[in-house]
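# got a structure for you, letters missing:
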């Protein structure tokens with residue numbers, strides 16, 4: 001039966017009054033999810049103009065995105081609006097920048113909201129905190145949240161779940177394809193380099209514990225017993241992780257792919273990529289051309305100028321590694337005696353393990369130039385004696401390096417700049433586990449996209465500002481980090 005209410009009366013009858021609508025003086029208890037890269041200023045303004053609370057997706061704190069989208073919403077609506085950020089990536093500066101546009105609310109998700117509270121309160125904006133479990137809800141209440149968004153562990157935090165499953169993916173592949181790569185699932189330790197880092201490692205462990213992960217906080221004695229170094233203040237252990245020989249692992253994956261029918265063409269650098277007749281023409285340095293319906297670019301730290309502006313989205317940093325001569329059984333028993341792997345919390349971090357030949361393998365960052373000889377690795381040789389005084393006379397026999405791709409927001413990037421072209425890169429030094437896991441998910445998406453959504457949002461290619469000068473400013477940043485590490489000792 002047709003309604004006898006006029007349209008305005010129908011809308012009034014449908015309006016719900018809730019604490020949310022009264023708090024923000026909006027007509028409907030609806031808030032736009034602030035999805036980074038998707039919820040822009042125009043969409044947020046439309047939601048606010050429609051009687052809800054529009055929230056711009058500030059996400060990782062991309063300043064260019066904020067500078068473009070915030071004026072759109074600020075000028076596009078007279079209603080209340082807000083902006084959302086991911087705590088673990090967005091800096092305080094990004095939040096303060098957004099507050100300059102006078103949002104009615106700021107929403108914080110996934111991480112410690114503490115550093116952002118003071119500027120939000122000072123600006124008079126409402127504080128919205130998204131939580132995934134009871135512990136985070138209590139933390140949000142203690143922080144004075146005005147609104148709590150209860151997502152639950154099955155919603156949001158996609159990258160967290162992917163990262164948590166990465167060790168299972170790697171070790172399952174090794175077992176399934178019988179890859180001989182010195183694989184040992186013995187656990188990973190993050191020792192706290194400075195006393196101030198103990199709180200950081202404790203919070204990380206507690207966050208994983210709330211998700212049911214097999215992790216534990218370690219006190220100073222526990223770290224000393226499991227690592228063998230006297231310099232650390234505490235730390236935590238993740239028992240899901242382990243160690244492997246990366247080159248043997250890569251070769252094993254290649255053999256498994258060949259058995260499945262893949263063709264691997266080594267030494268065939270792609271020099272041109274063009275879209276012709278609805279297909280991709282892939283030209284190689286030696287002349288042969290390949291035609292394909294879909295192309296995946298996964299060049300990471302070795303990205304060049306093949307696709308416009310892509311190289312400028314990452315900083316290709318060198319990872320330097322050295323291996324000592326074989327340690328005696330007595331010395332080997334004093335360094336990572338139970339076989340764990342470790343990477344510490346210092347700004348210029350160190351990562352290390354022992355192999356099956358009783359060698360200590362030490363890795364770290366430093367210069368951006370390509371190493372010209374053993375002299376480029378002296379900083380790691382020196383560090384071995386400082387970290388493990390019992391190895392002060394140990395001699396290094398092997399030296400090597402490779403590039404890792406660092407992104408501005410510290411997370412991997414997915415781009416689809418043209419039909420049939422997917423780009424995946426930027427593992428920030430965690431390529432063994434993350435590239436394996438994300439690569440598996442991306443491969444499934446390429447085969448059956450409708451049933452296998454990508455694990456991360458697709459974003460535009462956004463070059464890092466002043467990328468041509470990155471070696472200068474990145475080296476300066478590393479120098480400052482070294483100084484901070486020195487002062488924190």
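Perfect, I can see it now. All values reported here derive from a predicted model rather than from experimental measurement.

# For whatever helix or strand residue 415 lives in, name the packing helices and strands.
Assigned by DSSP states H and E, residue 415 belongs to strand 413-418. Counting contacts by 3 or more CB pairs under 8 Å, 6 or more residues apart in numbering; DSSP states H and E, strand 413-418 packs against strand 421-425. For the C-beta atoms, the positions are set from N, CA and C on the backbone; glycine is no exception.

# what are the pairing partners of the strand it packs on, and which direction each?
strand 295-297 (parallel), strand 413-418 (antiparallel) (DSSP bridges).

# what about the first one, average pLDDT?
Read it as strand 295-297. Taken as a whole, strand 295-297 has a mean pLDDT of 96.

# repeat for the last one
Per-residue pLDDT values over strand 413-418 give a mean of 93.

# Any idea how far it is from the middle of the chain?
Its chain's C-alpha centre and that of strand 413-418 lie 17 Å apart, by CA atoms, centre = their mean, to the nearest Å.

# try stretch 95-109
Offset of stretch 95-109 from its chain centre (CA atoms, centre = their mean): 23 Å.

# Run through who's touching the strand holding residue 415.
275, 307, 310, 313-314, 407, 422-426, 442, 454-461 (CB atoms under 8 Å, 6 or more residues apart in numbering).

# So what touches stretch 276-294?
Applying CB under 8 Å, 6+ apart, the external contacts of stretch 276-294 come out as 265, 268-275, 295, 420-422, 446.

# what about 7 Å?
Applying CB atoms under 7 Å, 6 or more residues apart in numbering, the external contacts of stretch 276-294 come out as 268, 269, 270, 271, 272, 273, 274, 295, 420, 446.

# sec struct for the fourth one, please.
The three-state assignment at residue 271 reads strand, by DSSP: H, G, I helix; E, B strand; the rest coil.

# residues contacting it?
With CB under 7 Å, 6+ apart, residue 271 has these contacts: 283, 284, 285.

# Let's see the pLDDT reported for it.
At residue 271, pLDDT is 95.

# before we move on, the earlier item: give the ChimeraX command for selecting the buried subset of the contacts of strand 413-418.
Remark: buried members of the contacts of strand 413-418, expressed as a ChimeraX selection using 16 or more other CB atoms under 10 Å:
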select :307,310,313,314,407,422,423,424,425,426,442,454,455,456,459
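
# where in the stretch 51-200 of the chain is pLDDT low?
In the predicted model of the stretch 51-200 of the chain, residues 60, 88-89, 133, 152-159 satisfy pLDDT under 70.

# Try it again at 50.
153-154 (pLDDT under 50).

# For the most centrally placed residue in the chain, give its distance to residue 297.
Residue closest to the average C-alpha location in the chain (CA atoms, centre = their mean): residue 411, at 3.0 Å. According to CB to CB, to the nearest Å, residue 411 and residue 297 sit 17 Å apart.

# coming back round to it: just checking, which of the contacts of strand 413-418 belong to strands?
If you go by DSSP state E, the contacts of strand 413-418 have 275, 314, 407, 422, 423, 424, 425 in strands.

# Sketch out the helices for the stretch 251-400 of the chain, chain order is fine.
Taking DSSP state H, counting those that start in this stretch as the test, the helices found in the stretch 251-400 of the chain are 329-332, 378-387.

# Would you mind finding the most buried of those helices?
Comparing those by mean neighbour count (mean count of other CB atoms under 10 Å), helix 378-387 ranks first with a mean of 16.

# Report the distance from it to the chain centre.
How far helix 378-387 lies from its chain's middle: 28 Å, per CA atoms, centre = their mean.

# Likewise for stretch 65-72?
Counting by CA atoms, centre = their mean, stretch 65-72 comes out at 24 Å from the chain centroid.

# Would you mark the buried spots in it?
For stretch 65-72, using 16+ other CB under 10 Å, the buried residues are 65, 66, 69, 70, 72.

# likewise stretch 131-150?
131, 132, 133, 136, 137, 139, 140, 143, 145, 147, 148, 149.

# how long is it end to end?
5 Å (CA to CA, to the nearest Å).

# Also stretch 404-414?
Using CA to CA, the two ends of stretch 404-414 sit 16 Å apart.

# Kindly report the same for stretch 448-464.
Using CA to CA, the end-to-end distance of stretch 448-464 comes to 32 Å.

# Check what contacts that stretch and list those residues.
Here stretch 448-464 makes contact (CB under 7 Å, 6+ apart) with 35-38, 62, 64, 158-159, 162, 309-310, 312-313, 315, 408, 412-417, 438, 441-442, 444-445, 470.

# Could I have the PyMOL command that selects the buried members from the residues you listed?
Here is the PyMOL command that selects the buried residues among these (16+ other CB under 10 Å):
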select buried, resi 36+37+62+159+162+310+312+313+315+408+412+413+414+415+438+441+442+445+470
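
# Against residue 264, how distant is residue 55?
Between residue 55 and residue 264 the distance is 46 Å, computed by CB to CB.

# List the buried residues for stretch 335-353?
Neighbour-count burial for stretch 335-353 [16+ other CB under 10 Å]: 335-336, 340-353.

# Between the two ends of it, what distance do you get?
Stretch 335-353 stretches 9 Å from its first residue to its last (CA to CA).

# State the mean pLDDT of that stretch.
Across stretch 335-353, the average pLDDT comes to 94.

# Run through who's touching that stretch.
If you take CB under 7 Å, 6+ apart as the criterion, stretch 335-353 is touched by 184, 186-193, 197, 200-201, 226-228, 241, 243, 354, 360-365, 383, 387-388, 391, 478, 481-482, 484-485.

# ranges for the strands of the stretch 1-150 of the chain?
Here the stretch 1-150 of the chain has its strands, by DSSP state E, counting those that start in this stretch, at 54-59, 81-86, 105-109, 126-131, 147-150.

# need the ones you listed in a markdown table with distance to residue 26, can you?
A markdown table is the format used below for the strands of the stretch 1-150 of the chain (distance: least, CB to CB, whole Å):
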| stretch | distance to residue 26 |
| --- | --- |
| strand 54-59 | 10 |
| strand 81-86 | 10 |
| strand 105-109 | 11 |
| strand 126-131 | 12 |
| strand 147-150 | 12 |
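
# So the protein: which segments form each domain?
Listed domain ranges for the chain are 7-150, 265-294, 298-408+459-489 (source: automatic domain parsing).

# deepest of those, which one?
Mean neighbour count (mean count of other CB under 10 Å) peaks for domain 7-150 among the domains of the chain, with a mean of 18.

# and it, how far from the chain's centre?
23 Å.

# Could you list the low-pLDDT ranges of the stretch 201-350 of the chain?
For the stretch 201-350 of the chain, no range has pLDDT under 50.

# hmm, 90 instead?
203-204, 206-213, 266-267, 286-287, 317-318, 347-349 (pLDDT under 90).

# Mind listing the residues bridging to residue 401?
Residue 401 has these beta-bridge partners by DSSP bridges: residue 320.

# from what I can see it touches residue 371, true?
Yes - using CB atoms under 7 Å, residue 401 is in contact with residue 371, at 5.3 Å.

# what do those two both touch?
Common neighbours of residue 401 and residue 371, using CB under 7 Å, 6+ apart, are residue 320.

# For residue 433, which residues are in contact?
Contacts of residue 433 by CB under 7 Å, 6+ apart are 166, 167, 170.

# actually residue 429, not the one I wrote
Here residue 429 is in contact with 319, 404 (criterion: CB under 7 Å, 6+ apart).
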